[in-house]
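# Sequence and predicted model, in that order:
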Amino acid sequence: MIKLSLTVNGRRVAADIDPRTLLVDFLRNNQRLTGTHVGCDTSQCGACTVHLDGRSVKACAVLAASCEGAEVVTIEGLSNGTTLHPMQEAFREHHALQCGFCTPGMIMAAVDIVNRNGSSLDEAIIRQELEGNLCRCTGYHNIVRAIETGAAAMAGAKIAAE
Amino acid sequence: MTDQGIGASVKRKEDLRFITGKGQYVDDINRHGQAYAVFARSPVAHATINSIDVSEALASPGVLGVYTGADLAADKIGGLICGWMIHSKDGSPMKAGAHPALAQGKVRYVGDHVAVVIAETLDQAKDAVGLIQVDYGELPAVVDVATAQAAGKAQIHDEAPNNTVYQWHLGDKDAVDVAFSKAAHVTKLGIVNNRLVPNAMEPRAAIGDYDAGQDQFTLYTTSQNPHVARLVLSAFIGIAPENKLRVIAPDVGGGFGSKIFIYAEETVCIWAAKKVGRPVKWVAERTEAFLADAHGRDHVTTAELALDASGKILALRASTKANLGAYLSTFASSVPTYLYAPLLSGQYDIPAIYCEVDGVYTTTTPVDAYRGAGRPEATYVVERLIEVAARETGRDPAEFRRQNFIKAFPHQTPVIMAYDAGDYAACLDKALAMADYKGLAARKAASAKAGKLRGLGFSAYIEACGIAPSRAVGSLGAGVGLWESAEIRVNPVGTIEVLTGSHSHGQGHETTFAQVIASKLGVPIEQVSIVHGDTDKVQMGMGTYGSRSGAVGASAIVKASEKIIAKGKRVAAACMELPEDGVDFENGEFLGRGTNKKMTFGEVALQAYVAHKFDPEVIEPGLKEGSFYDPKNFTFPSGVHIAEIEIDPETGHTTIDRWTAVDDFGILINPMIVEGQVHGGIAQGVGQALLEHTVYDENGQLLTGSFMDYAMPRADDLPSYKVAMSSTPCPSNPLGVKGCGEAGAIAAPAALMNAITDALGHENIAMPATPQAVWRAAQATTRKQAAE
């Protein structure tokens, strides 16, 4: 066992972990943050996407031990209290989810897409950027619409904050 | 209530928990003291098990138990069942081999369940599984459905000579033969419907829990039909009597058919929970899902269409070999028979149809219902034949379809189905306009100028949904009735819980069923809770598949609503001192007829429970009603999809330029959700046609056993879709709904392959049309054009 301390959703946490523990298992089993899902064994599906030091990662492909001192944000930490993140609102508004299993990873990836590309995204960029996230329900049509809207809303929120 | 009731695109009530990570899927549930199950699976496709040595695994750290088929047999745990009896054309019942939850003496596909390890931790269970020693006596694999019945092939089950489960047929062979003998033109096609892996994003999972104090079993499982699971686990497999077995299917992350079935893993987990005295959890890894979730499709068909000189269709015949895999899964036998051949009339007036189907065992993963289940296979046969026949006879494919459309309803086809309503030309006309069919020639010319090949393909599909009238399916071999139940519990303050036997795993029932209540009882959807997925809460139900939850499940809610209104009128009449039949119910209010007296729904609910103002000898207190609704017919959603694609002959890459879908689902409860279902269905159909392929090698090894090898549709493989409706209400249920869940997956493959073959100038290439396959065909086309 090794000692790990990091920040998860703004909260300092420490734990003794098996060195082979994956970040996704640490989040789900140790922190009981079950919004981060596991949909494959090959880092293909993106259901486990979280933000690590501000960038999206697939938590199934990160050793928890490598996150010492890091800042992790999961879907549970995205909203501001009861105020949803604009991307969460956009997914609901556009019916961009059906079974909901891929949704946390999709939303975390979508926020990262906007963070990296800015808010003026066209459909081609969104579709290309989503290549690491699988959805079997929606056919992606409404996810693309949601990300377009969520990106604009994130820009609006940023301007308002400034 | 119109802003929330039937027809309103209200946002989904269930979304908040999913977008905030608060969903509760089976793997998110943890029981105190739970242990973990890992299965030892066969590494070979076909072998006798000479011996299994579990001693080393048993001694491994943390191991609580290691069990094999012998342990299940010792506890008299029955095998898995197939719930639909098919009779061969000679009248004999299908020849099904046993399907033990853990192998007994033999394994029959890679991934077959050999043993289970239960350990304190998942890692310990995984470590111990590797220590189980199995001595296999390898036998030849049987992989190819087309040749599996040949003499000399290895026999997979002793009960099924020549690996043949049944040789079934439907229709009038003689009439078809006569029609073909008179035909002016016959179109003949060899058609392969490729095997698919459903791949719901949530892998299957189960937690078995046994409470010794209550002698009570609880199974948490990723099921589309928890009551059917309880029925099978109790009545057939023998885990426990139904009153001692609770099955909970909480949030379930997609199903597409693959979570209908009762599998080995949940059977073993619930049994082993008592064995080890601990809750037992199992969660599939994705590769296990590839190996052990029932696959879909896998038909090899020869099909022919006979036309007269005017282009009128005279007859259709098809001969299909359907791969059922190594064992018969829960509904496997029905999919290539009664869910397939009765749809071979498509949208067309075809006087004579004959279809024969051989159901065949192979040493591959069992095959069962996958989104559409038989109906996509039928549509693919019909719509490929129609398209090719139009081309061969020089007819416009749209007008050839129109010429042969069924135009009057009801229409009895020669293959069981009586279509109740539709307007096929209306869908076609709308789709042609939306797709700018008139501009196709110019677009083709522009593509050609740019060195590209452009093609357009139609798919005018029909499906039979709202599964199903119980007596009808009973006469066809179904082992169960296919009604649905609803119970409406009105609370004293007028809020409502609806208990339904339908199960939502993405369909949005918590919203749409509440909309039905809003329309019928005038109660805002915020005051309506939909309860599903727990056999201790909902008495009985048949679950969700076959696009049945609107047509059957919501119809049961309507029937129960009517009983609530009837009871409410009696309560209201007593309270308002009016004659018992002197009250009407409108817009959520009970109105005294011919008076200005009225009571709100909530007031009547309160009075029903207070019970001060009526005679209990005449009216019972309380306001709770239930219904078991059995439909009188299937429903027949239909529509026209048009795919327009462009191929780069240099790379073989197919780009979907536009997708037009015009569907007739009857009355829509929530158009936003309906359109979402269409989008997802199209994506799965496009996946089948362009990307997804399940490949076994000659030894029966699954070569496409992960997302690294099996091409799932991704966002940049797909276009945005143009979706519209052209509705004729369904006369066969009280809501007029038809069902929308499977349409896209049924329609899409034929539309896309018709478009690709149009672009290539070939009549037949196989799915999936990968860039390599398309490139090869495009090179041939280019050479042919150069030669001309």
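Looks like it arrived, so ask away.

# Residue of chain A closest to chain B, please.
A:Gly35 (1.9 Å; Cβ to the nearest Cβ). Placement of C-beta: from N, CA and C, glycine included.

# Show me how the record splits the chain into domains.
Picking chain A for this. For chain A, automatic domain parsing gives the domain ranges A:2-77, A:86-161.

# wrong one, chain B
Annotated domains of chain B cover B:31-139+B:203-253+B:259-292, B:299-467+B:633-787, B:483-629 [automatic domain parsing].

# Can you tell me which of these is packed in deepest?
Looking across these with neighbours counted as mean count of other Cβ atoms under 10 Å in any protein chain shown, the highest average goes to domain B:299-467+B:633-787: a mean of 22.

# Once you drop chain neighbours, what's closest to the residue of the stretch 1-150 of chain B found nearest chain A?
As assessed by Cβ to the nearest Cβ, chain A sits closest to B:Gly21 within the stretch 1-150 of chain B, at 1.9 Å. The shortest distance from B:Gly21 to any non-neighbouring residue, by Cβ to Cβ, 6 or more residues apart in numbering or on different chains, is to A:Gly35 (1.9 Å).

# Please apply the same query to A:Ser5.
A:Ala14 (4.0 Å).

# I figured the one you found hits A:Lys3, correct?
Yes - between A:Ala14 and A:Lys3 there is a contact under Cβ atoms under 8 Å: 6.8 Å.

# For B:Leu476, which residues are in contact?
When contacts are counted by Cβ atoms under 8 Å, 6 or more residues apart in numbering or on different chains, B:Leu476 touches B:Ser334, B:Tyr338.

# Repeat the analysis, applying 10 Å as the threshold.
Listed by Cβ atoms under 10 Å, 6 or more residues apart in numbering or on different chains, the contact set of B:Leu476 reads B:Trp84, B:Met85, B:Ile86, B:His87, B:Ser334, B:Thr337, B:Tyr338, B:Pro342, B:Ile416, B:Ala468.

# Same question for B:Ala141.
Contacts of B:Ala141 (Cβ under 10 Å, 6+ apart): B:44-47, B:108-110, B:153-154, B:156, B:362-364, B:696-701.

# where does it land in three-state SS?
What DSSP: H, G, I helix; E, B strand; the rest coil gives for B:Ala141 is coil.

# With adjacent residues omitted, what lies nearest to it?
Counting by Cβ to Cβ, 6+ apart, the residue nearest B:Ala141 is B:Gly700, at 3.4 Å.

# Could you check how far the one you found is from B:Glu763?
Using Cβ to Cβ, to the nearest Å, B:Gly700 is found at 32 Å from B:Glu763.

# For the nearest residue to A:Arg28 once chain neighbours are set aside, what are phi and psi?
With sequence-adjacent residues excluded and distances taken as Cβ to Cβ, 6+ apart, A:Arg28 is closest to A:Thr34, at 5.4 Å. The phi/psi pair for A:Thr34 (degrees, to the nearest 10) reads phi -90, psi 10.

# got the phi/psi numbers for residue 71?
In the absence of a named chain, this looks at chain A. phi -120, psi 120.

# swap in the one 3 residues further on?
Backbone geometry at A:Thr74, expressed as degrees, to the nearest 10, gives phi -110, psi 180.

# from what I can see it touches A:Val13, true?
No - contact status for A:Thr74 versus A:Val13: not in contact, 11.9 Å apart, counting by Cβ atoms under 10 Å.

# Between those two, which is the more surrounded one?
Using other Cβ atoms under 10 Å in any protein chain shown as the criterion, A:Thr74 and A:Val13 rank with A:Thr74 on top: 25 against 14.

# Identify the residues contacting that one.
A:8-9, A:23-24, A:27-28, A:31, A:33-36, A:48-51, A:59, A:104, A:108, B:21.

# returning to what we had before: can you say which of the domains of chain A is nearest to B:Gly451?
Each of the domains of chain A has some distance to B:Gly451 by Cβ to Cβ; the shortest is domain A:86-161, at 21.2 Å.

# Off-centre distance for the closest one?
11 Å (Cα atoms, centre = their mean, to the nearest Å).

# Would you mind measuring the gap between the ends of that domain?
By Cα to Cα, to the nearest Å, the extent of domain A:86-161 from end to end equals 13 Å.

# what ranges do the strands span in chain A?
In chain A, the strands defined using DSSP state E lie at A:2-8, A:11-17, A:49-52, A:55-58, A:71-73.

# Tell me which of these sits most buried.
Taking mean count of other Cβ under 10 Å, strand A:49-52 is the most buried of these, at a mean of 25.

# Name every strand pairing with that one and say which way it goes.
strand A:55-58 (antiparallel), strand A:71-73 (antiparallel) (DSSP bridges).

# got those strands as TSV, with mean pLDDT columns?
Below are the strands paired with strand A:49-52 laid out as TSV (pLDDT from 0 to 100):
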stretch	mean pLDDT
strand A:55-58	98
strand A:71-73	98
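
# which stretches of chain A have low pLDDT?
Chain A contains no residues with pLDDT under 70.

# Give me the residue at the spatial middle of it.
Nearest to the geometric centre of chain A sits A:Met108, at 2.3 Å (Cα atoms, centre = their mean).

# Now do the contacts for it.
A:35-36, A:46-51, A:56-57, A:59, A:73-75, A:77-78, A:85, A:87, A:133, B:21 are the contacts of A:Met108 under Cβ under 10 Å, 6+ apart.

# Name the residues of the helix ranked longest in chain A that are buried.
When chain A is parsed with DSSP state H, its longest helix is helix A:141-161. Judged by neighbour count (16 or more other Cβ atoms under 10 Å in any protein chain shown), helix A:141-161 contains these buried residues: A:141-154.

# How about stretch A:74-88?
Neighbour-count burial for stretch A:74-88 [16+ other Cβ under 10 Å]: A:Thr74, A:Ile75, A:Glu76, A:Gly77, A:Leu78, A:Ser79, A:Leu84, A:His85, A:Pro86, A:Met87, A:Gln88.

# Which positions in the stretch 51-200 of chain B make contact with chain A?
B:Thr121, B:Leu122, B:Asp123, B:Pro198, B:Asn199, B:Ala200 (Cβ under 10 Å from any Cβ of the partner chain).

# could you dump those residues to TSV with pLDDT?
Shown next, in TSV, are those (pLDDT from 0 to 100):
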residue	pLDDT
B:Thr121	96
B:Leu122	96
B:Asp123	94
B:Pro198	98
B:Asn199	98
B:Ala200	98
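
# what's the most distant pair in those?
Between any two of these (Cβ to Cβ), the greatest distance is 29.5 Å, for B:Thr121 and B:Pro198.

# who touches the helix or strand bottoming out on mean pLDDT in chain B?
Sorting the helices and strands of chain B by mean pLDDT, DSSP states H and E puts helix B:771-787 at the bottom, at a mean of 87. With Cβ under 10 Å, 6+ apart as the test, helix B:771-787 has contacts from B:448, B:451-453, B:645, B:647-654, B:690, B:693, B:756-757, B:759-762, B:764-770.

# next one: stretch B:593-608 to chain centre, how far?
Put simply, stretch B:593-608 sits 43 Å off its chain's centre (Cα atoms, centre = their mean).

# residues touching B:Ser60, list them.
Counted by Cβ under 10 Å, 6+ apart, B:Ser60 has contacts B:Val54, B:Val66, B:Val117, B:Ala119, B:Gln124, B:Ala125, B:Asp127, B:Ala128, B:Val129, B:Gly130, B:Leu131, B:Ile132.

# run the last query once more with 8 Å
Counting by Cβ under 8 Å, 6+ apart, B:Ser60 has contacts B:Ala119, B:Gln124, B:Asp127, B:Ala128, B:Leu131.

# give me the element B:Asp615 is part of.
Remark: B:Asp615 resides in no helix or strand, with elements defined by DSSP states H and E.

# Setting aside sequence neighbours, what's the nearest residue to it?
Excluding its sequence neighbours, the residue lying closest to B:Asp615 (Cβ to Cβ, 6+ apart) is B:Ala574, at 7.6 Å.

# just to confirm, which helix or strand has the one you found in it?
helix B:555-575.

# roughly how far is the helix or strand following that helix from the heart of the chain?
Sequence order places strand B:583-586 as the next helix or strand after helix B:555-575, per DSSP H and E. The chain centroid and the centroid of strand B:583-586 are separated by 40 Å, computed with Cα atoms, centre = their mean.

# No more questions from me, cheers.
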